[in-house]
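Student: this is a predicted model, with the sequence first.
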Amino acid sequence: AQKITQTQPGMFVQEKEAVTLDCTYDTSDPSYGLFWYKQPSSGEMIFLIYQGSYDQQNATEGRYSLNFQKARKSANLVISASQLGDSAMYFCAMSSGSSNTGKLIFGQGTTLQVKP
Amino acid sequence: NAGVMQNPRHLVRRRGQEARLRCSPMKGHSHVYWYRQLPEEGLKFMVYLQKENIIDESGMPKERFSAEFPKEGPSILRIQQVVRGDSAAYFCASSPGQGLPDTQYFGPGTRLTVL
(Lines give C-alpha, C1' and ligand atoms only; values in the text may rest on other atoms or scores of the structure.)
Protein backbone atom coordinates (compact mmCIF):
# COMPACT_ATOMS: atom_id res chain seq x y z
CA ALA A 1 0.00 0.00 0.00
CA GLN A 2 1.09 3.54 -0.65
CA LYS A 3 1.97 5.72 2.31
CA ILE A 4 3.29 9.23 2.93
CA THR A 5 5.02 10.14 6.19
CA GLN A 6 5.72 13.62 7.46
CA THR A 7 7.50 13.32 10.80
CA GLN A 8 7.64 17.01 11.74
CA PRO A 9 4.34 18.20 13.20
CA GLY A 10 5.72 21.73 13.59
CA MET A 11 8.73 23.73 12.46
CA PHE A 12 10.06 27.21 13.16
CA VAL A 13 12.31 29.22 10.88
CA GLN A 14 13.72 32.72 11.04
CA GLU A 15 12.65 35.08 8.29
CA LYS A 16 15.04 35.03 5.30
CA GLU A 17 16.53 31.68 6.26
CA ALA A 18 16.03 28.39 4.42
CA VAL A 19 14.00 25.51 5.83
CA THR A 20 13.58 21.87 4.88
CA LEU A 21 10.32 20.00 5.41
CA ASP A 22 10.68 16.23 5.44
CA CYS A 23 8.64 13.74 3.50
CA THR A 24 9.19 10.01 3.04
CA TYR A 25 7.03 7.73 0.98
CA ASP A 26 6.40 4.07 0.40
CA THR A 27 5.18 2.54 -2.82
CA SER A 28 5.80 -0.51 -4.98
CA ASP A 29 4.82 1.32 -8.17
CA PRO A 30 7.74 2.16 -10.46
CA SER A 31 5.89 5.21 -11.75
CA TYR A 32 4.56 7.80 -9.33
CA GLY A 33 4.33 11.51 -8.75
CA LEU A 34 5.14 13.52 -5.64
CA PHE A 35 3.46 16.82 -4.84
CA TRP A 36 3.69 19.52 -2.19
CA TYR A 37 0.73 21.70 -1.25
CA LYS A 38 0.49 24.69 1.07
CA GLN A 39 -2.54 25.30 3.25
CA PRO A 40 -2.57 28.75 4.88
CA SER A 41 -4.84 29.58 7.79
CA SER A 42 -7.52 30.67 5.32
CA GLY A 43 -7.87 26.98 4.42
CA GLU A 44 -7.36 26.71 0.69
CA MET A 45 -4.91 24.19 -0.80
CA ILE A 46 -2.25 25.72 -3.01
CA PHE A 47 -0.14 23.58 -5.36
CA LEU A 48 3.58 24.30 -4.97
CA ILE A 49 5.73 21.78 -6.79
CA TYR A 50 5.77 18.38 -8.52
CA GLN A 51 8.40 15.66 -8.93
CA GLY A 52 7.98 12.62 -11.18
CA SER A 53 9.63 9.34 -10.25
CA TYR A 54 11.53 9.24 -13.55
CA ASP A 55 12.67 12.86 -13.45
CA GLN A 56 16.45 13.04 -13.46
CA GLN A 57 16.69 16.46 -11.88
CA ASN A 58 15.19 17.87 -8.72
CA ALA A 59 12.19 20.08 -9.35
CA THR A 60 12.40 23.80 -8.64
CA GLU A 61 9.72 26.49 -8.63
CA GLY A 62 10.95 29.90 -7.55
CA ARG A 63 11.89 29.69 -3.86
CA TYR A 64 10.69 26.09 -3.65
CA SER A 65 12.84 23.10 -4.52
CA LEU A 66 12.31 19.42 -4.00
CA ASN A 67 15.21 17.33 -2.72
CA PHE A 68 14.32 14.01 -4.34
CA GLN A 69 16.30 11.00 -3.13
CA LYS A 70 14.74 8.02 -4.84
CA ALA A 71 16.81 5.31 -3.14
CA ARG A 72 15.89 6.68 0.27
CA LYS A 73 12.28 7.30 -0.82
CA SER A 74 12.36 10.86 0.36
CA ALA A 75 11.01 14.04 -1.24
CA ASN A 76 11.84 16.90 1.07
CA LEU A 77 10.66 20.42 0.33
CA VAL A 78 13.21 23.20 0.66
CA ILE A 79 11.99 26.78 1.00
CA SER A 80 14.71 29.35 0.54
CA ALA A 81 14.67 32.89 1.92
CA SER A 82 11.59 32.30 4.11
CA GLN A 83 8.95 35.01 4.23
CA LEU A 84 6.28 35.70 6.83
CA GLY A 85 3.68 34.67 4.28
CA ASP A 86 5.18 31.18 4.18
CA SER A 87 3.66 30.44 7.59
CA ALA A 88 1.17 27.68 6.83
CA MET A 89 0.56 23.95 6.89
CA TYR A 90 2.47 22.02 4.24
CA PHE A 91 1.35 18.68 2.86
CA CYS A 92 3.32 16.14 0.88
CA ALA A 93 1.26 13.90 -1.41
CA MET A 94 1.77 11.05 -3.84
CA SER A 95 -0.09 9.64 -6.81
CA SER A 96 0.43 6.38 -8.62
CA GLY A 97 1.34 6.57 -12.28
CA SER A 98 0.39 3.00 -13.03
CA SER A 99 -3.19 2.91 -11.82
CA ASN A 100 -6.27 4.25 -13.53
CA THR A 101 -6.89 6.73 -10.75
CA GLY A 102 -4.83 9.79 -9.98
CA LYS A 103 -5.98 9.99 -6.39
CA LEU A 104 -3.55 11.64 -4.02
CA ILE A 105 -2.35 10.10 -0.78
CA PHE A 106 -1.52 12.85 1.71
CA GLY A 107 0.78 12.99 4.68
CA GLN A 108 -0.30 14.40 8.02
CA GLY A 109 1.24 17.77 7.29
CA THR A 110 3.85 20.04 8.86
CA THR A 111 3.00 23.41 10.36
CA LEU A 112 5.63 25.99 9.50
CA GLN A 113 5.94 29.23 11.43
CA VAL A 114 8.23 31.95 10.14
CA LYS A 115 9.56 34.27 12.83
CA PRO A 116 10.27 37.94 12.06
CA ASN B 1 -9.03 31.49 -16.12
CA ALA B 2 -11.18 30.90 -13.09
CA GLY B 3 -9.98 28.33 -10.61
CA VAL B 4 -11.95 25.51 -9.06
CA MET B 5 -15.16 26.83 -7.57
CA GLN B 6 -16.91 25.31 -4.59
CA ASN B 7 -20.11 26.34 -2.93
CA PRO B 8 -21.22 26.90 -0.37
CA ARG B 9 -18.05 27.81 1.51
CA HIS B 10 -19.72 27.09 4.82
CA LEU B 11 -22.68 24.84 5.44
CA VAL B 12 -24.48 24.16 8.70
CA ARG B 13 -26.86 21.24 8.99
CA ARG B 14 -28.71 19.55 11.83
CA ARG B 15 -28.39 15.84 12.35
CA GLY B 16 -30.53 13.92 9.90
CA GLN B 17 -30.61 16.62 7.22
CA GLU B 18 -29.04 16.39 3.78
CA ALA B 19 -25.93 18.24 2.66
CA ARG B 20 -25.21 19.06 -0.99
CA LEU B 21 -21.77 20.30 -1.90
CA ARG B 22 -21.06 21.67 -5.37
CA CYS B 23 -17.85 21.83 -7.36
CA SER B 24 -17.18 23.45 -10.73
CA PRO B 25 -13.81 22.35 -12.15
CA MET B 26 -11.33 24.61 -13.86
CA LYS B 27 -12.10 25.32 -17.50
CA GLY B 28 -10.79 22.53 -19.65
CA HIS B 29 -10.58 20.02 -16.79
CA SER B 30 -12.64 16.88 -17.10
CA HIS B 31 -11.47 15.04 -13.96
CA VAL B 32 -12.86 15.79 -10.52
CA TYR B 33 -11.74 14.48 -7.14
CA TRP B 34 -13.35 14.89 -3.71
CA TYR B 35 -11.35 14.80 -0.48
CA ARG B 36 -12.30 15.14 3.17
CA GLN B 37 -10.17 16.81 5.83
CA LEU B 38 -10.91 16.26 9.48
CA PRO B 39 -9.49 18.80 11.97
CA GLU B 40 -5.73 18.62 12.37
CA GLU B 41 -5.44 15.89 9.72
CA GLY B 42 -4.38 15.53 6.12
CA LEU B 43 -6.80 15.14 3.26
CA LYS B 44 -8.35 11.74 2.60
CA PHE B 45 -9.44 10.72 -0.87
CA MET B 46 -13.14 10.00 -1.31
CA VAL B 47 -14.06 9.71 -4.98
CA TYR B 48 -12.78 10.34 -8.49
CA LEU B 49 -15.12 11.18 -11.34
CA GLN B 50 -15.01 11.98 -15.00
CA LYS B 51 -17.98 13.37 -16.89
CA GLU B 52 -20.97 11.12 -16.14
CA ASN B 53 -18.74 8.35 -14.72
CA ILE B 54 -17.46 7.36 -11.30
CA ILE B 55 -13.95 6.01 -11.80
CA ASP B 56 -12.86 5.29 -8.24
CA GLU B 57 -15.04 5.52 -5.13
CA SER B 58 -12.83 3.45 -2.88
CA GLY B 59 -12.63 6.22 -0.26
CA MET B 60 -16.34 6.90 -0.09
CA PRO B 61 -18.35 5.60 2.88
CA LYS B 62 -20.72 2.90 1.67
CA GLU B 63 -23.81 4.51 3.12
CA ARG B 64 -25.28 8.01 2.98
CA PHE B 65 -22.62 9.41 0.62
CA SER B 66 -22.93 9.74 -3.13
CA ALA B 67 -21.29 11.78 -5.88
CA GLU B 68 -22.06 12.69 -9.43
CA PHE B 69 -20.54 14.69 -12.26
CA PRO B 70 -23.24 15.20 -14.88
CA LYS B 71 -22.66 16.07 -18.50
CA GLU B 72 -23.81 19.60 -17.79
CA GLY B 73 -23.28 21.40 -14.51
CA PRO B 74 -21.11 21.01 -11.46
CA SER B 75 -20.07 17.91 -9.61
CA ILE B 76 -22.20 17.24 -6.54
CA LEU B 77 -21.21 15.48 -3.32
CA ARG B 78 -24.34 14.50 -1.43
CA ILE B 79 -24.47 13.41 2.18
CA GLN B 80 -27.80 12.12 3.39
CA GLN B 81 -28.90 12.03 7.04
CA VAL B 82 -25.79 13.79 8.27
CA VAL B 83 -24.25 12.91 11.62
CA ARG B 84 -21.84 14.91 13.79
CA GLY B 85 -18.91 12.84 12.51
CA ASP B 86 -19.49 14.23 9.02
CA SER B 87 -18.32 17.65 10.22
CA ALA B 88 -15.20 18.35 8.18
CA ALA B 89 -13.80 20.38 5.32
CA TYR B 90 -14.62 18.89 1.93
CA PHE B 91 -12.31 19.77 -0.91
CA CYS B 92 -12.83 19.33 -4.59
CA ALA B 93 -9.91 19.20 -7.03
CA SER B 94 -9.80 19.08 -10.79
CA SER B 95 -7.18 18.05 -13.31
CA PRO B 96 -6.94 18.00 -17.09
CA GLY B 97 -6.37 14.24 -17.17
CA GLN B 98 -3.60 14.41 -19.74
CA GLY B 99 -0.93 12.12 -18.35
CA LEU B 100 1.77 12.89 -15.81
CA PRO B 101 1.95 15.24 -14.14
CA ASP B 102 -1.80 15.36 -13.87
CA THR B 103 -1.64 18.08 -11.27
CA GLN B 104 -4.76 18.53 -9.21
CA TYR B 105 -5.87 22.06 -8.43
CA PHE B 106 -8.04 22.50 -5.39
CA GLY B 107 -11.06 24.60 -4.68
CA PRO B 108 -11.40 26.63 -1.46
CA GLY B 109 -13.33 23.86 0.26
CA THR B 110 -16.71 23.61 1.94
CA ARG B 111 -16.70 23.58 5.72
CA LEU B 112 -19.57 21.41 6.89
CA THR B 113 -20.74 21.71 10.48
CA VAL B 114 -23.34 19.28 11.78
CA LEU B 115 -25.16 20.43 14.89
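Tutor: Looks like it came in fine.
Student: neighbours of B:Glu52, just the number please.
Tutor: Residues lying near B:Glu52 (other CB atoms under 10 Å in any protein chain shown) number 10. Placement of C-beta: from N, CA and C, glycine included.
Student: show me the contacts for it.
Tutor: By CB atoms under 8 Å, 6 or more residues apart in numbering or on different chains, B:Glu52 lies in contact with B:Phe69, B:Pro70, B:Lys71.
Student: closest one to chain A out of those residues, please.
Tutor: Nearest to chain A among these, counting by CB to the nearest CB, is B:Phe69 at 14.3 Å.
Student: quick one, what contacts A:Lys70?
Tutor: A:Lys70 makes contacts with A:Ser53, as judged by CB under 8 Å, 6+ apart.
Student: pretty sure B:Phe106 contacts A:Met45?
Tutor: Yes. Counting by CB atoms under 8 Å, A:Met45 is a contact partner of B:Phe106 at 3.7 Å.
Student: poorly predicted segments of chain B, please.
Tutor: B:1, B:99-101 (pLDDT under 70).
Student: hmm, try it at 90
Tutor: Applying pLDDT under 90 to chain B flags the ranges B:1-2, B:28, B:30, B:39-42, B:51-52, B:71-72, B:96-103.
Student: how about the residues of chain B near chain A?
Tutor: With CB under 8 Å from any CB of the partner chain as the criterion, chain B meets chain A at residues B:31, B:33, B:35, B:41-45, B:48, B:55-56, B:58-59, B:89, B:91, B:93, B:95, B:97, B:100-109, B:111.
Student: of those, grab the buried ones for ChimeraX.
Tutor: With 16 or more other CB atoms under 10 Å in any protein chain shown as the criterion, this ChimeraX line picks the buried residues out of the residues of chain B next to chain A:
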select /B:31,33,35,42,43,44,45,48,55,56,59,89,91,93,95,100,101,102,103,104,105,106,107,108,109,111
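Student: which ones among the residues of chain B next to chain A are found in strands?
Tutor: The strands, defined by DSSP state E, take in B:31, B:33, B:35, B:43-45, B:48, B:55-56, B:89, B:91, B:93, B:95, B:105-106, B:111 from the residues of chain B next to chain A.
Student: relative to B:Val12, which of those residues is nearest.
Tutor: B:Arg111 (9.2 Å; CB to CB).
Student: the closest one and B:Arg13, how far apart?
Tutor: Look at B:Arg111 and B:Arg13: by CB to CB, to the nearest Å, they are 12 Å apart.
Student: repeat for A:Gly33
Tutor: Separation of A:Gly33 from B:Arg13 (CB to CB) stands at 36 Å.
Student: which of the two has more neighbours?
Tutor: When neighbours are counted by other CB under 10 Å, A:Gly33 and B:Arg13 differ, and A:Gly33 comes out ahead with 22 against 19.
Student: give me the neighbour count for the closest residue to that one other than its chain neighbours.
Tutor: Spatial nearest neighbour of A:Gly33, chain neighbours left out: A:Ser95 (4.7 Å); criterion: CB to CB, 6 or more residues apart in numbering or on different chains. Using other CB under 10 Å, A:Ser95 has 26 neighbouring residues.
Student: list the residues that contact A:Ser95.
Tutor: A:Ser95 is in contact with A:Tyr32, A:Gly33, A:Phe35, A:Gly102, A:Lys103, A:Leu104, A:Ile105, B:Asp102, counting by CB under 8 Å, 6+ apart.
Student: doesn't the second one lie inside a helix?
Tutor: It refers to A:Gly33. No. Membership of A:Gly33 in a helix is not supported by DSSP: H, G, I helix; E, B strand; the rest coil, which gives strand.
Student: which residue, neighbours along the chain excluded, lies closest to the residue nearest in space to the middle of chain B?
Tutor: Centroid-nearest residue in chain B: B:Trp34, 3.4 Å away (criterion: CA atoms, centre = their mean). Spatial nearest neighbour of B:Trp34, excluding adjacent residues (CB to CB, 6+ apart): B:Met46 at 4.4 Å.
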